[in-house]
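J.: Based on what follows, work out the 3D shape:
(one chain, ligands or ions: 1)
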Amino acid sequence: MHFDYSDKTKNLLTKLNEFMQTHIYPVEHHYHSLVETNNQAEATRWRTPDLMQELKQKAQASGLWNLFLPHEYLPYGAGLSNLEYAPLCEKMGRVLWSAEVFNCSAPDTGNMEVLAKYGSAAHKERWLEPLLKGEIRSAFAMTEPAVASSDATNIETQIVRQGDVYVINGRKWYTSGAMNANCQIMVVMGKTDLSAPRHQQQSQILVPMNTPGVSVVRPLSAMGHYDEPVGHAEVIFDNVKVPVDNLLVGEGQGFAIAQGRLGPGRIHHCMRLIGCAQRALDMACARVEQRVAFGQPLSKQQSIRERIAQMHCDIEQARLLTLKAADSMDRYGNKVSRDIIAAIKIVAPKMACNVIDQAIQMHGAGGTSQDFVLAATYAYARTIRLADGPDEVHMMQLGRNLINDYNAKHSVL
Ligand SMILES: Cc1cc2nc3c(=O)[nH]c(=O)nc-3n(C[C@H](O)[C@H](O)[C@H](O)COP(=O)(O)OP(=O)(O)OC[C@H]3O[C@@H](n4cnc5c(N)ncnc54)[C@H](O)[C@@H]3O)c2cc1C
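T.: From the prediction side, this is the model:
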């Protein structure tokens, strides 16, 4: 693989850098304070500050829009390869809320990819178009409080056909985005046929948020953060009826669709986490130069220098593995790239947690405060060790595949 970014990426990266310098970093704390103000009242708590819409318009006008959607989805998206998108996504990851400005934030990106790939013409017109324009938001509801959802075959939500409708009953939690006032559509995973083989029992279905029987019960915190105005919701489906046409692809295809969506979703998280980690390292370098302890700047301490060096090495290793995974997805497809996607999903969140933790340490008490973004960034990175599959599940699958590959190659011994 080539390690140089393409001209297209370099141009977009220059534009994105300028945009971040001009429009994002200067209002980073202001945006958080707007969210805090909205949090004072339940009526406004889940409303996205108007500033987001203003920034979205500027990003769209600058051509920094829907960059995540790979070239096979043209005319939707910007037509970049995964490899071309990687450094751009990393850059967006430097500010926790900035991906949304470019219409590149989860879970909308995964849902848009699912709709573009598996949606009917009607689904695309009704849901994909407004999502691509950044007019509405969406959620993906798979995880359930009652069962170990890292094994998606456990999920219990029922999707039962009755004539022209499917009737949905179940309880989901950690449905990210479903708290947001502008969330209008959920992609829901449930079971349509309990007697089918294990991986063909599941289906995915589109459920508008305002469908009778859908109740958002409460927001769940993640590491003490409620992540307003996006949020992670507990949702009850009580005899929710939607037209049969809302089913994606067909009955029994839910597991296959989930696997398809998670590959890009996982690598996007990794790209953003590398941005988080790089920002933490940059902040640490600035901080240890400014702070003087025991007669000299902290940056003169050997142990600080060693840790800064190690943070750099760890970020660079993860970055290169992410680029290699992106390149593999472009060349061979998401399915063939499953092992390297699993590898980077194991490596990047842990790396980001460690790097951000070191940066917090170097900032002293301030590192844990709201004055620096490090504590909130750590919380985000820590949750990604669970979201889109816990570390252990990726390790279990990668380990299994590697052993099987070894056995296949050495079966003649
Ligand atoms: C902030 C956040 C946002 C999320 N957003 C969404 C969302 O939008 N939509 C959605 O559907 N879900 C979402 N999730 C849920 C997430 O995908 C699940 O938490 C995850 O899949 C694990 O499922 P579980 O919580 O039921 O853990 P369980 O399945 O109960 O597993 C518990 C633990 O057991 C261990 N474990 C599991 N399997 C193995 C194994 N084979 N070997 C060894 N140990 C193992 C792991 O450490 C795991 O963390 C989100 C989670 C968080 C924290």
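J.: Now the element after the longest helix along the chain, going C-ward?
T.: When the chain is parsed with DSSP state H, its longest helix is helix 254-290. Using DSSP states H and E, the helix or strand that follows helix 254-290 towards the C-terminus is strand 292-293.
J.: which stretches of the stretch 51-200 of the chain have low pLDDT?
T.: By pLDDT under 70, the stretch 51-200 of the chain has no low-scoring segment.
J.: one more time with 80
T.: Along the stretch 51-200 of the chain, segments meeting pLDDT under 80 span 72, 77.
J.: on that earlier part again, now do the buried residues in the longest helix of the chain.
T.: 254-255, 257-258, 260-281, 283-285, 287-288 (16 or more other CB atoms under 10 Å). Yep, even glycine has a C-beta here, placed from its N, CA and C like the rest.
J.: Packing partners of it?
T.: Applying 3 or more CB pairs under 8 Å, 6 or more residues apart in numbering; DSSP states H and E, we find helix 254-290 packed against helix 82-93, helix 108-118, strand 183-191, strand 202-208, strand 296-297, helix 302-332, helix 338-363, helix 374-383.
J.: So which bits of the stretch 151-300 of the chain are right by the ligand?
T.: Contact residues, the stretch 151-300 of the chain versus the ligand (CB under 6 Å from any ligand atom): 174-176, 222, 232.
J.: how about these in a markdown table, adding neighbour count and secondary structure?
T.: As requested, those are arranged in a markdown table below (neighbours: other CB atoms under 10 Å; DSSP: H, G, I helix; E, B strand; the rest coil):
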| residue | neighbour count | secondary structure |
| --- | --- | --- |
| Tyr174 | 20 | strand |
| Thr175 | 24 | strand |
| Ser176 | 24 | strand |
| Ala222 | 18 | strand |
| His232 | 23 | strand |
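J.: Could you find which two of those are furthest from each other?
T.: Largest separation among those by CB to CB: Thr175 and Ala222, giving 12.3 Å.
J.: hey, what's in contact with both of those two?
T.: Residues touching both Thr175 and Ala222 (CB atoms under 8 Å, 6 or more residues apart in numbering): His232.
J.: thinking again about what came up before, Throw the helices and strands packed on helix 254-290 into a markdown table and include mean neighbour count and distance to Val35, thanks.
T.: Formatted as a markdown table, the helices and strands packed on helix 254-290 follow (neighbours: other CB atoms under 10 Å; distance: least, CB to CB, whole Å):
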| stretch | mean neighbour count | distance to Val35 |
| --- | --- | --- |
| helix 82-93 | 25 | 18 |
| helix 108-118 | 22 | 18 |
| strand 183-191 | 25 | 16 |
| strand 202-208 | 23 | 26 |
| strand 296-297 | 12 | 34 |
| helix 302-332 | 18 | 28 |
| helix 338-363 | 23 | 21 |
| helix 374-383 | 22 | 11 |
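J.: got a markdown table for these, with distance to Arg400 too?
T.: Formatted as a markdown table, the helices and strands packed on helix 254-290 follow (distance: least, CB to CB, whole Å):
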| stretch | distance to Arg400 |
| --- | --- |
| helix 82-93 | 25 |
| helix 108-118 | 25 |
| strand 183-191 | 23 |
| strand 202-208 | 21 |
| strand 296-297 | 49 |
| helix 302-332 | 19 |
| helix 338-363 | 10 |
| helix 374-383 | 25 |
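J.: count of neighbours near the closest residue to Met189 other than its chain neighbours?
T.: Excluding its sequence neighbours, the residue lying closest to Met189 (CB to CB, 6 or more residues apart in numbering) is Met142, at 4.3 Å. Per other CB atoms under 10 Å, the neighbour tally for Met142 reads 21.
J.: and Met142, what does it touch?
T.: Neighbouring residues of Met142 by CB under 8 Å, 6+ apart: 149, 152, 155, 172, 188-189, 258.
J.: repeat for Ala325
T.: Ala325 makes contact with 267, 270, 337, 340-341, 343-344 under the criterion CB under 8 Å, 6+ apart.
J.: which one of those sits closest to Gln57?
T.: Gln57 has its nearest neighbour among the contacts of Ala325 in Ile267, at 28.1 Å by CB to CB.
J.: What are the neighbouring residues in contact with the closest one?
T.: By CB under 8 Å, 6+ apart, the contact list for Ile267 reads 82, 86, 322, 325-326, 329, 341, 344-345.
J.: Kindly report the same for Gly254.
T.: With contact taken as CB under 8 Å, 6+ apart, Gly254 is in contact with 189-190, 192, 202-204, 248.
J.: Now do the same for it: its pLDDT.
T.: Note on Gly254: pLDDT of 95.
J.: Okay, it and the ligand: tell me how far apart.
T.: Distance, Gly254 to the ligand, by CB to the nearest ligand atom, to the nearest Å: 12 Å.
J.: likewise Tyr73?
T.: Remark: distance between Tyr73 and the ligand (CB to the nearest ligand atom) = 22 Å.
J.: What of Tyr332?
T.: The gap separating Tyr332 from the ligand is 26 Å, by CB to the nearest ligand atom.
J.: Repeat that for Ser215.
T.: In this view, Ser215 and the ligand are 17 Å apart by CB to the nearest ligand atom.
J.: And for Val216?
T.: For Val216, the distance to the ligand (CB to the nearest ligand atom) stands at 13 Å.
J.: Double-check that that residue belongs to a helix.
T.: No - Val216 is assigned strand when assessed by DSSP: H, G, I helix; E, B strand; the rest coil, not a helix.
J.: residues near it, how many?
T.: Using other CB under 10 Å, Val216 has 17 neighbouring residues.
J.: How about Lys409?
T.: Here the number of neighbours of Lys409 (other CB under 10 Å) works out to 9.
J.: Quick check: it vs Arg331, distance?
T.: Lys409 sits 22 Å away from Arg331, going by CB to CB, to the nearest Å.
J.: how about the strands of the stretch 101-250 of the chain, start to end?
T.: Ranges of strands within the stretch 101-250 of the chain are 137-141, 158-162, 165-176, 183-191, 202-208, 214-219, 232-243, based on DSSP state E, counting those that start in this stretch.
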